[in-house]
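Colleague: With the sequence up front, the predicted model follows.
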Amino acid sequence: MMEQNRSSDLDTVPGSRGDHRKGFRTAVQVIVFIGIFLLILVPVSYMVRTNGDVKDRFSGFYAERDDTLDIVMIGSSPVFPYYASPKLWGETGITMYPLSSNMQRPAAMKYLVEEAEKTQSPKLYIFEMRMFTIEDAGLTENMAYTRGVTDNMKYSRERIRTIQALVPKEDEEGRLSYYLDIMKYHTNWKMLALPSEWANMAYCKKNPLKGYTFKDEVGPQPMPDCGGAQGEKKIPEEQEAYLVDLLQFLKEKELEALFIVSPYGESLEEQQMFNYMEKIVSSYGCSFVNMNDHYEEIGIIFEEDFADYGSHTNAIGAEKCTDFLQEYLQAHYSFSDKRGQDAYRDWDEAYELWKSEMETARETIKDRIARGEYAERLE
């Protein structure tokens, strides 16, 4: 009896087995609580992120089956309205998906490649180069140009590294709202009432048009006369550093890349900057195509094929740019035609949807040109 009492007393002595058992139970309870909290926090964070084309494009990328993309295209807004992935698929059997956001900073490109490589093994990366003409300081002043990337990535180690690369080190307090972006979007509770956002619980929702965005507005501008101009002008120093870092990274990882400039109302200074970029890119053995040197081959008509006065193409302009890119890809690369395979049935559906919407957009654009109904010019 005395032995039993001594054992019972030991359970109440500090540092005894009883204390250890209580400590273990408490630790387990804390871990379970944190686990449940995160299980709730992560999907809610995804759902309350502001909805729109960029969110749909990124969640659509995550929804693509592993190792099914031939091409990943990375860059700013000249990507998603210029190149119709469903059309490319329907006519060639090549799968291409854009990881694109508005005013995407060049500093993000390397990290988006790393993010893509987690689930895909594309034969080719295509980078749109227009943003390399802009000083990064002007882009960091608007957090939207950074958040367009970071707030549309899944929570992961790569996302943390992207934030660390894009958000200044001295802004530690600001960084926290990037790491936990629900701090910014916590007032968006109305998003939880949208069925479309419940599909984003895992940030993995199929994009019907494979990231492409239709534009049916018309904003005419005269064709620039500097396409094909000679001469070079240095790009901003920090952008050159990002470009060289990207090229070295691609070389180290043995990833094939094509660098392009989509046609737009460029200036002579910008044309010469692209000439400068081409020299750097070529020195690393990568291809560079400035479509501003090929207006006639593309068949682009600046007075009709742009949605906003020479900045972005409408659907008809996109059709022409996609045709030009398609011909270039088929002439310089080798891709297998995967049409007819069950694994790519949703790509067939995307092509059928594109054809239907393209027919409507073409008629709308032609009607607007006939009536002189042009897009509002934003100052």
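Modeller: Received it, and whenever you're ready, just let me know what you need. Keep in mind that this is a model prediction, so the values were computed, not measured.
Colleague: I'd guessed N51 sits against M191; true?
Modeller: Yes - the pair N51 and M191 passes the contact test of CB atoms under 8 Å, sitting 6.6 Å apart. For the C-beta atoms, the positions are set from N, CA and C on the backbone; glycine is no exception.
Colleague: Give me the common contacts of those two.
Modeller: Common contacts of N51 and M191, defined by CB atoms under 8 Å, 6 or more residues apart in numbering, comprise E197.
Colleague: quick one, which of the two is more surrounded?
Modeller: Here N51 and M191 are set side by side on neighbour count (other CB atoms under 10 Å), and the busier one is M191, at 19 against 16.
Colleague: and that one, helix, strand or coil?
Modeller: What DSSP: H, G, I helix; E, B strand; the rest coil gives for M191 is helix.
Colleague: and it, what does it touch?
Modeller: M47, V48, R49, T50, N51, E197.
Colleague: which of those are buried?
Modeller: M47, V48, R49, N51, E197 (16 or more other CB atoms under 10 Å).
Colleague: OK, contacts around P98?
Modeller: Applying CB under 8 Å, 6+ apart, we find P98 in contact with R57, V72, M73, I74, G75, V79, F80, Y83, S85, G211, Y212.
Colleague: now, which of these lie within helices?
Modeller: R57, S85 (DSSP state H).
Colleague: can you list the contacts of P98 in JSON lines and add distance to M131?
Modeller: Formatted as JSON lines, these follow (distance: CB to CB, whole Å):
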{"residue": "R57", "distance to M131": "17"}
{"residue": "V72", "distance to M131": "17"}
{"residue": "M73", "distance to M131": "14"}
{"residue": "I74", "distance to M131": "11"}
{"residue": "G75", "distance to M131": "7"}
{"residue": "V79", "distance to M131": "11"}
{"residue": "F80", "distance to M131": "14"}
{"residue": "Y83", "distance to M131": "16"}
{"residue": "S85", "distance to M131": "21"}
{"residue": "G211", "distance to M131": "18"}
{"residue": "Y212", "distance to M131": "20"}
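Colleague: Next, give me the two most distant ones among the contacts of P98.
Modeller: Spanning the widest gap among the contacts of P98 are I74 and Y212, at 15.0 Å by CB to CB.
Colleague: Between the two, which is the more surrounded one?
Modeller: Y212 (29 against 26).
Colleague: show me what contacts the more buried one?
Modeller: So Y212 contacts F80, P81, Y83, A84, S85, P86, P98, A318, W354 (CB under 8 Å, 6+ apart).
Colleague: What about these, which one has the most neighbours?
Modeller: A84 (30 neighbours).
Colleague: quick one on the thing from earlier: out of the contacts of P98, flag the one nearest to R368.
Modeller: Distance ranking of these against R368, using CB to CB, places Y212 first at 20.4 Å.
Colleague: Distance check, the closest one against S85.
Modeller: Distance of Y212 to S85, computed by CB to CB, to the nearest Å: 5 Å.
Colleague: likewise A307?
Modeller: 18 Å.
Colleague: I94 too?
Modeller: I94 is 9 Å from S85, by CB to CB.
Colleague: ok so, going back, would you turn the contacts of Y212 into JSON lines with distance to P106 and pLDDT?
Modeller: Shown next, in JSON lines, are the contacts of Y212 (distance: CB to CB, whole Å; pLDDT from 0 to 100):
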{"residue": "F80", "distance to P106": "17", "pLDDT": "96"}
{"residue": "P81", "distance to P106": "19", "pLDDT": "97"}
{"residue": "Y83", "distance to P106": "19", "pLDDT": "98"}
{"residue": "A84", "distance to P106": "24", "pLDDT": "98"}
{"residue": "S85", "distance to P106": "22", "pLDDT": "98"}
{"residue": "P86", "distance to P106": "27", "pLDDT": "98"}
{"residue": "P98", "distance to P106": "16", "pLDDT": "98"}
{"residue": "A318", "distance to P106": "23", "pLDDT": "98"}
{"residue": "W354", "distance to P106": "29", "pLDDT": "98"}
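Colleague: Test my guess that Y97 contacts L69.
Modeller: Yes - look at Y97 against L69 with CB under 8 Å: they come within range, at 5.3 Å.
Colleague: can you pull the contacts of the nearest residue to Y83 once chain neighbours are set aside?
Modeller: Distances taken as CB to CB, 6 or more residues apart in numbering put T322 closest to Y83, at 5.2 Å, once the chain neighbours are dropped. By CB under 8 Å, 6+ apart, the contact list for T322 reads Y82, Y83, A84, K87, L88.
Colleague: Since that was my last question, I'll sign off now.
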